[in-house]
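>>> Show me how the following folds:
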Amino acid sequence: MIIDRIHIRGLRAHNDSTVTFDAGVNAIVGPNGVGKTNILEAIHMLCLSRSFLTSKDNVILRRGSSLMEIEGHFTKDAGGSQKVRLAFVPGEGKKLFVGGSPLERMTDLVGRFPVVVFSPDDQRLTAEGPEFRRRFMDNIISQSSPVYLDNLLRYRQVLKQRNELLHASRRARRTPDEMVLESLTRELVMPGAAIIADRMAFIEAFAKHLDDAHQKISEVAEKPGIAYAPFGRAGIPEADIDSEDGSFPKGGITIPNESREQRARREKRVFELYADQLERNRRHEIARGMTLYGPHRHELDLTLDGHPVRRFASQGQHRTYGMALKLAQYDYMQHRREERPLLLLDDVFDNLDPARIEAFLAILGSDAIGQSITTAARREIVHNHLDPSACRTIFVARGGEVLEDETSIEKVPPKATAPREEPASPLADSLTND
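Residues are numbered from 1 along each chain as shown. Next up, the predicted model:
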């Protein structure tokens, strides 16, 4: 899939900008703070309805503007084009249109125009807390499976209700209503177990993509590892199944070469283990006033030659591992959806050594990647490692003005731009309770 062009009005540095793209490598070049990242932000909003920098639409709106409007034209790998339009008016909210028809839910957009983002903040995936790795995992699976996203939204809704009950009871120093708590627990287990089962199946397949991606960009023969163990290291023992009566969750992700019966056994066992975990720890959760067990608390373990990346990796190893995770995400989503995602890269080359830049740009210029759009402060960052004729270069001047000619940049008068926001999940309000 590619985006042919985008029209941006009233978004941060951009008053009224139109950008066209080639099907291969595209470089958006210009001084810092002129609005290069805002173009990637706008593309991301057309793909997932939200910015990858913030979940607050008001801060994206250009100062003095009463409307933010983004329109993009996409071409699918299988052929055919589609127009996506997003409009935001403060006080009225956002509206999305695909092919001229409005979407009832913002989440209905997820997965229709797959996208992968590289940014400097990706170092958080390997260096910081588990919530960043959960968001990463949820983002990939949600773009690959509508069933998973529906379970995620349902789980979050019930989790909020259950936490409110436990918190209110703790503050009042009384035991929560047993019938209400039992009902909410049952409602939580169904989507929660489906999420866990799908994550397990996802990691089983994703590990191979990660290994392949790490080999492509690392000069050292180190073995990356990724694991998801929601109920401990012993794994999930099989359960007996008398009948497929719908009493256990149905997931959207399958393990390679897994039979229908094996899948049913795994899903039922996850359901049983999660329900038992909540039952055994009910008093603990009541005492703490919150739900302490479930997919909103699980960790994704990353290792390099068996050692935890977060604790033992060097700065260079963190960067390489983060790049490998995003390349693996691209490969997994392409394989899963049979559609090449858009690849957006926000100033990712500034802190990389020449060898890693060259290895990564070689991948971008190969048949392994479809369309990529990267931002850079200087054109040399890309052109020194890639044939300029194989890369479309777009220049952005102060005030967000898009130019075809680099020599015109300095003629544009400077304008103030909004500060860069703290990054947020592409699926904002991801499941975190830390």
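
>>> Pull the number of nearby residues for residue 22.
Applying other Cβ atoms under 10 Å, we find 15 residues neighbouring residue 22. Bear in mind the C-beta positions are built from the backbone N, C-alpha and C, glycine included.

>>> For it, give me the backbone phi and psi.
phi -90, psi 170 (degrees, to the nearest 10).

>>> so where's the stretch 251-400 of the chain uncertain?
251-252 (pLDDT under 70).

>>> one more time with 80, if that's ok
Within the stretch 251-400 of the chain, the stretches with pLDDT under 80 are 251-257, 263, 350-353, 381-389, 399.

>>> Tell me the secondary structure of the spatially most central residue of the chain, please.
Computing the C-alpha centroid of the chain and ranking residues by Cα atoms, centre = their mean puts residue 139 first, at 3.6 Å. Recorded secondary structure, residue 139: helix (DSSP: H, G, I helix; E, B strand; the rest coil).

>>> any idea how far it is from residue 323?
Applying Cβ to Cβ, to the nearest Å, the value for residue 139 to residue 323 is 16 Å.

>>> again, but for residue 133
15 Å.

>>> and if you look at residue 277?
For residue 277, the distance to residue 323 - Cβ to Cβ - is 35 Å.

>>> quick one, which of the two is more surrounded?
Higher neighbour count among residue 277 and residue 323: residue 323, with 23 against 17, using other Cβ under 10 Å.

>>> So what does the more buried one have for phi and psi?
Residue 323 adopts backbone torsions of phi -60, psi -40, taken as degrees, to the nearest 10.

>>> Number the residues from 35 up from this point.
With the count now opening at 35, the last piece we talked about shows up as residue 357.

>>> Show me the strands in the stretch 135-284 of the chain, by range?
For the stretch 135-284 of the chain, the strands defined by DSSP state E, counting those that start in this stretch cover 135-136, 149-152, 258-261.

>>> Which secondary structure elements does the helix ranked longest in the chain sit against?
If you go by DSSP state H, the chain has its longest helix at helix 212-251. Using 3 or more Cβ pairs under 8 Å, 6 or more residues apart in numbering; DSSP states H and E, the elements in contact with helix 212-251 are helix 164-178, helix 180-206, strand 258-261, helix 294-314, helix 349-371, helix 388-398.

>>> nearest to residue 54, of those?
Nearest of the helices and strands packed on helix 212-251 to residue 54, taken as Cβ to Cβ: helix 388-398 at 18.9 Å.

>>> Go through that closest one and flag the buried ones.
Residues of helix 388-398 classed as buried by neighbour count (16 or more other Cβ atoms under 10 Å): 390-391, 393-395, 397-398.

>>> Please consider this matter closed, and thank you.
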